[in-house]
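Colleague: Sequence below, structure please.
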Amino acid sequence: MTTPREVLSIEEYRSEVVALVDGPVASETVDTASAVGRVLARDARSGGDVPAFANSAMDGYAVRGADLAGALPVRLRVVADLPAGSAQDPALAAGECARIMTGAAVPTDADTVVPVELTDAGEDEVTVTEVPRGGTGAHVRGAGEDLAAGDLVLPAGTLLDPAALGALAGTGVATVQVRRRPVVGVLATGDELVTGGGALRRGQIHESNGVFLAAAARQAGAEVVTGPPVPDDEATFTARLDELAAACDLIVLSGGVSVGTYDVARIVLGDAGEGTFRHVRMQPGKPQGHATWGGVPVLAFPGNPLSAAVSWQLFGRAVLSALTASAAPAWGTAAAGSAWSSPPGRRQLVPVVTATDDAGRLVATPSHQRGSASHMVTALARADALFAVPEDVTDVRPGDVHPLMRF
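Modeller: This next block holds a predicted model:
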């Protein structure tokens, strides 16, 4: 049975839709090098000490600290050359040293590296003119200084970006267990929707929500199943919903969730006893719906372009995070860069462009002169974040600090 239009906060509604997820998707093992954009399913631990051996942080000479304890300058005999990658471990007696390059293994008998700048750069013999800053032990990276074997590199739930992959590879982790990519079905509804460009008849609009939602889901790490928009026909809509439920982990609908005569998503989901429709105290995106169809969570977003896009940022990404057992997108703060009004009793989500001012503050300015008007197709394209004006604020002043979510 379709539930009444209860009015909820953003947080209350987000909790409802996240609760649709029974648990994360299954995991799989992949090569670390190909795991960008995936989410770790288990902790990744170092395969060995990092660094694996004591190595030089500078180009210079590996010496015995005791040889620098007396009066300077001191002359030392060079008995070996050690480039990075060399397996040599030359013995060093008193008064002897080895020329060494950055990253090369420090001889067992040495405990200090003298940068070449503090010497005369001699080849067979070298004169050390100054003790390096730090004295004995200077410019030597100790074995296990970064991580010991078995130490935690990254915890489960980490979204793997290039820096994370570099850290894993650098600690000897060749494969990782990650969540498989969730499959998201995207379905836009409406008799008025037209694809492929070209001229429009009176009453038609170019379909854009499905394009945005599919691209946003892919960008968030999902695989996507999509197709042409479906008309406001209950049988066609139901058949397509059945197809998506058989193939997907999440279905995202756009359009048909309000109270109109032809709002097919509300009608079909409601008549099947699966639909829950709410009003959420937000602008844009007030009408929302969710359901479970064939055991698969369904999110039903409004059809206005900005409403659908904001709904994805707030609710779609949260459900996708639940499917991968990863952290939901984080909120920061920014200062308003201009003045505008906000509706009372609703949290206004404004697409903004951010910049840093002369004082080092992050400043957010609306990307479109119409602010959060729900039909603005281009507002989000010019923006890099959403600025959230609280429900009890009706006048935003320059410098006011409020929450901000980057895309």
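
Colleague: where does the chain have its least confident helix or strand?
Modeller: The helix or strand of the chain with the poorest confidence is helix 264-271; it has a mean of 88 (mean pLDDT, DSSP states H and E).

Colleague: For it, enumerate the helices and strands it packs against.
Modeller: The helices and strands touching helix 264-271, judged by 3 or more C-beta pairs under 8 Å, 6 or more residues apart in numbering; DSSP states H and E, are helix 234-247, strand 287-293, strand 296-301. C-beta here means a position set from N, CA and C on the backbone, and glycine is covered the same way.

Colleague: most packed of those?
Modeller: Compared across those, strand 296-301 shows the largest average neighbour count, a mean of 25 (mean count of other C-beta atoms under 10 Å).

Colleague: From the chain's centroid, how far away is stretch 32-51?
Modeller: Centroid separation between stretch 32-51 and its chain, computed with C-alpha atoms, centre = their mean, to the nearest Å, is 16 Å.

Colleague: ok, residues contacting the helix or strand where T365 lies?
Modeller: Assigning secondary structure by DSSP states H and E places T365 in strand 362-366. Applying C-beta atoms under 8 Å, 6 or more residues apart in numbering, the contact partners of strand 362-366 are 332-338, 340, 350-357, 385, 387, 404.

Colleague: With stretch 277-285 instead?
Modeller: Against stretch 277-285 from outside (C-beta under 8 Å, 6+ apart): 2-3, 5-10, 13, 16, 257, 266, 270, 286-289, 300-302, 304, 306-308, 310-311, 314, 342-343, 345-349, 372-374, 391.

Colleague: ok now do G399, which residues does it touch?
Modeller: G399 makes contact with A335, A336, according to C-beta under 8 Å, 6+ apart.

Colleague: now with 6 Å?
Modeller: A335 (C-beta atoms under 6 Å, 6 or more residues apart in numbering).

Colleague: what's the distance between the residue nearest the centre of the chain and A35?
Modeller: In the chain, the residue lying closest to the centroid (C-alpha atoms, centre = their mean) is L159, at 6.1 Å. As for L159, its distance to A35 is 10 Å (criterion: C-beta to C-beta, to the nearest Å).

Colleague: got it, and H290?
Modeller: From H290 to A35 the distance is 31 Å (C-beta to C-beta).

Colleague: can you check V153 too?
Modeller: 13 Å.

Colleague: Which residue ranges of the stretch 101-250 of the chain form helices?
Modeller: For the stretch 101-250 of the chain, applying DSSP state H, counting those that start in this stretch gives helices covering 162-170, 209-219, 234-247.

Colleague: which one of those helices lies closest to A52?
Modeller: Minimum separation from A52 across these (C-beta to C-beta) falls at helix 162-170, 10.5 Å.

Colleague: which residues sit against that closest one?
Modeller: Outside helix 162-170, the residues within contact range by C-beta under 6 Å, 6+ apart are T32, A44, V153, L154.

Colleague: Low-confidence ranges, the stretch 301-407 of the chain, go.
Modeller: Filtered on pLDDT under 70, the stretch 301-407 of the chain yields the residue ranges 370-376.

Colleague: hmm, 90 instead?
Modeller: 329, 368-382, 407 (pLDDT under 90).

Colleague: picking that back up, roughly how far out does the strand holding T365 sit from the chain middle?
Modeller: 21 Å.

Colleague: Stretch 232-239 now?
Modeller: Per C-alpha atoms, centre = their mean, the centroid offset for stretch 232-239 relative to its chain is 36 Å.

Colleague: Show residues contacting that stretch.
Modeller: Under the contact criterion C-beta under 6 Å, 6+ apart, stretch 232-239 has outside partners D191, V230, Y262, V264, V268.

Colleague: what's the model's confidence in that stretch, averaged?
Modeller: Mean pLDDT, stretch 232-239: 94.

Colleague: May I have it as PDB, with CA atoms only?
Modeller: In PDB, the C-alpha atoms belonging to stretch 232-239 read as follows (Å, rounded to 0.1, in the frame of the first residue of the first chain):
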ATOM      1  CA  ASP A 232       3.600   6.900 -18.900                       C
ATOM      2  CA  ASP A 233       2.100   3.400 -19.500                       C
ATOM      3  CA  GLU A 234       1.800   1.100 -16.600                       C
ATOM      4  CA  ALA A 235       2.300  -2.200 -18.500                       C
ATOM      5  CA  THR A 236       5.400  -0.900 -20.300                       C
ATOM      6  CA  PHE A 237       6.800   0.500 -17.000                       C
ATOM      7  CA  THR A 238       6.200  -2.700 -15.100                       C
ATOM      8  CA  ALA A 239       7.800  -4.900 -17.700                       C
END
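
Colleague: Return the distance of A98 relative to D67.
Modeller: From A98 to D67 the distance is 12 Å (C-beta to C-beta).
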